[in-house]
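Novice: have a look at this prediction, sequence included:
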Amino acid sequence: MTPSDTPIFDLSLRARSRAAVTIPTGVTSAARASALPTPLFVERAAGAMLLDVDGNAYIDYVMGFGPLLLGHTPESVSNAVAARLQNGFLFGAAHRYEAELAERLVGMLPCAEQVLLSNTGSEAVHIAMRLARAATGRRILIKFEGHYHGWFDPVAYGTPGQPPQTRSGAPRAHRRATTGIAPSQPDLLILPWNDVAALEEAFDAHRGEIAGLIMEGIPQAGAIRPLPGYVEAVRRLTERHGALFILDEVITGFRMGSGGIHGEWGVPPDLCVLGKALGAGLPISAVVGRSDVLGLVAGGRTPHMGTFNGHGLCVAAALAALDAYSAPDFHVRLQARSALLSIGLQSAIDDHGLQLKVTQVGALITIVGLPSAHRVDRYDDLAGQDGQAVTAFAEALLRHGVHIQARGTLMPASVHDDDLIDQTIERARRACATIAR
C-alpha cells in the first residue's frame, strides 16, 4: 500500500451516514467520532498501513489507540491465534497457557509477584482499586488531573480536557458536564500531578484514610514526564502512609521497555495495570504486583470474575507479543525512530510558523496547541492551548496520507521503519504548508 496523495472520503462519509441510523454517531467509540473530515472506515490493514473503503492508503500512527506496537496483523501473533483457533478458545475452565502468561509477566516486570487477567484496561483499573481498598480497609483514592484510567464512572473525573485545579494543593471532586455520570464521591481526591507539596498536603489532611494512589506512567495529555524525584516521592509517601501505589501502564506497558516504565524508573509500584500492547490487538489486560494484595481474591472475599478472562485467543496473542518485546534491540530501535519522528515533526511545524509543540517520551508522541518553546511540566501548563489547531493539523495530515489521533497523539510501532519515518516527515511538511496558506 502506498500512502494516498489526494484522498477522497466519499465512501467513508456514506458508511458513517448508514451506520448512524443504527449506531449513535456512526462509530462504536467516542474516541473515533471527532476525526475530521470524517472517521475513517477501514477495509484492511497490514504493517504500518491502513486502506480505507475509498481506496486511500495511510501511514498509520493511531495503531488501534496503542495496542498495535507490532503493527497490523503481525505474522507471529496471527499464527499463534490461528493455531489456538484449532483447539478451542473459551472453555468455562482454566487452561495451562494462562499460567504460562502469568509466569512470563512475573519474569519481565520488576513489580510482579502474581497476576490477575481481565479483558480491558478499564476493568483492570477497577480490580486494582478494589484490591487497594480491601488491602487497607480504607476508602479514599487519589488520582491526578489529566490522567486517564478508563471511562467508568468512579474515575471519569479530572480526565484530559477537563480544566485544571483552580488552587494548587486543594483536592476536590470534579463534576463532569456529561450527563449520565454520577457525581464524584468524596472518596476520590484529584490532585495536580508533579506537585509533591500537594501530595503531602492531601496525605496529611486525610491521614489514615487513603487506600491508594493511581497514576499513569506518562499521561497521554501532553506526554508529560515526571519531574526529577517525583516518582520517588510518590513511592515514599504511599509507603509512609500505608497506601498502595497503583501504576496505570495501560499505555506505557511494553511501549517504554520490556519491564514497563517502572522498570526504567527503578521504582516498583505495589500494583501495575497492563493492557493495550499486552494483546497486540486482541483484548486482554492484567493487574500484576504484590502477592499479598492480589492474593486477597483467593478466598473470594474480594471478587475477581469475568467470563472472558484468560480467553484462549487473547492469551495466545499476548504470549507471541511478549516474545517480540523481549528481543534485545526492540525498544532501542523503537525509541530511536520515535525520537527522529518527533524532531522531524517539530522542524516541519516550526519552519511553517505554526504554534504547535511536539512532546515525546519513548514511543509516545503528542502534539499540543502551544508554541514550541512553551514548557509542559504539569497539566495546568496545557491550559489555554489551541485544541482546534491540533485538530486542524491532524486533518491536514490525514489529507496527506498520515493517520494520527484527532487529539494529536501518535503511537509509533516497530513497523515504522526509517523510510516510513522520512515519508511521514515529508508529508507533514506538505500538511504544514497547506495550513500556513
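Specialist: Nice, thanks for sending it over.
Novice: could you use CA atoms for every contact and neighbour count after this?
Specialist: Fine.
Novice: contacts for the top helix by length along the chain, please.
Specialist: Looking across the chain with DSSP state H, the single longest helix is helix 330-351. With CA atoms under 8 Å, 6 or more residues apart in numbering as the test, helix 330-351 has contacts from 255-258, 324-325, 355-360, 362-365, 372, 412-414, 416-418, 421-422, 424-425, 428-429, 432.
Novice: give the buried residues for that helix.
Specialist: 331, 334-335, 337-339, 341-350 (16 or more other CA atoms under 10 Å).
Novice: any idea which helix or strand comes after it?
Specialist: Once helix 330-351 ends, the next helix or strand along the chain (criterion: DSSP states H and E) is strand 357-361.
Novice: neighbouring strands - and their directions - for that next one?
Specialist: strand 364-368 (antiparallel) (DSSP bridges).
Novice: alpha carbons only: can I get the strand it pairs with in CSV?
Specialist: The C-alpha coordinates for strand 364-368 follow below in CSV (Å, rounded to 0.1, in the frame of the first residue of the first chain):
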residue,chain,number,x,y,z
LEU,A,364,4.6,8.2,22.7
ILE,A,365,4.2,11.5,20.8
THR,A,366,1.7,14.2,21.4
ILE,A,367,1.0,17.4,19.5
VAL,A,368,-0.3,20.2,21.7
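Novice: next helix or strand past it?
Specialist: Assignment by DSSP H and E places the next element after strand 364-368 at helix 387-399.
Novice: for the stretch 151-300 of the chain, which spans come out with low pLDDT?
Specialist: 163, 165-186 (pLDDT under 70).
Novice: now do the helices in it.
Specialist: 196-205, 230-240, 260-265, 291-294 (DSSP state H, counting those that start in this stretch).
Novice: Leu69: which of those helices is closest?
Specialist: Ranking the helices of the stretch 151-300 of the chain by their distance to Leu69 (criterion: CA to CA) puts helix 260-265 first, at 13.6 Å.
Novice: centre of the chain to that closest one, how far?
Specialist: Mean-position distance between helix 260-265 and its chain equals 15 Å (CA atoms, centre = their mean, to the nearest Å).
Novice: same check, this time on stretch 100-119
Specialist: That offset, for stretch 100-119, works out to 19 Å (CA atoms, centre = their mean).
Novice: now swap in stretch 91-99 and tell me
Specialist: 27 Å.
Novice: for it, list every residue counted as buried.
Specialist: Glu98.
Novice: could you give me the buried positions within stretch 73-93?
Specialist: Thr73, Pro74, Ser76, Val77, Ser78, Ala80, Val81, Arg84, Phe89, Leu90.
Novice: equivalent analysis for stretch 239-249, please.
Specialist: For stretch 239-249, by 16+ other CA under 10 Å, it's His241, Gly242, Ala243, Leu244, Phe245, Ile246, Leu247, Asp248, Glu249.
Novice: cool, and stretch 265-285?
Specialist: Those would be 268-285, for stretch 265-285 by 16+ other CA under 10 Å.
Novice: ok, which stretches of the chain are strands?
Specialist: Ranges of strands within the chain are 42-46, 49-52, 57-60, 114-118, 140-144, 188-191, 210-216, 244-248, 271-274, 285-289, 357-361, 364-368, 402-403, 409-410, based on DSSP state E.
Novice: how close does the residue nearest in space to the middle of the chain sit to Arg139?
Specialist: Nearest to the geometric centre of the chain sits Ile251, at 3.0 Å (CA atoms, centre = their mean). For Ile251, the distance to Arg139 (CA to CA, to the nearest Å) stands at 26 Å.
Novice: can you check Asp323 too?
Specialist: Counting by CA to CA, the gap from Asp323 to Arg139 is 39 Å.
Novice: please apply the same query to Leu364.
Specialist: Leu364 is 33 Å from Arg139, by CA to CA.
Novice: when these two are compared, which one has more neighbours?
Specialist: Leu364 (26 against 17; other CA atoms under 10 Å).
Novice: which residue packs closest to that one, ignoring adjacent ones?
Specialist: Sequence neighbours aside, Met411 is the residue nearest to Leu364 in space, at 5.4 Å (criterion: CA to CA, 6 or more residues apart in numbering).
Novice: can you check Thr409 too?
Specialist: That would be Thr366: by CA to CA, 6+ apart, it lies 4.4 Å from Thr409.
Novice: now do Val62
Specialist: Per CA to CA, 6+ apart, closest to Val62 is Ile404, 5.0 Å.
Novice: got the contact list for the one you found?
Specialist: Asp60, Tyr61, Val62, Ala394, Leu397, Leu398, Leu410.
Novice: swap in Ala413?
Specialist: Neighbours of Ala413 in contact, by CA under 8 Å, 6+ apart: Ala48, Tyr61, Met63, Leu68, Leu69, Leu70, Gly71, Leu334, Ala363.
Novice: got a winner among these for most neighbours?
Specialist: Neighbour max across the contacts of Ala413 (other CA under 10 Å) = Leu69, 30 neighbours.
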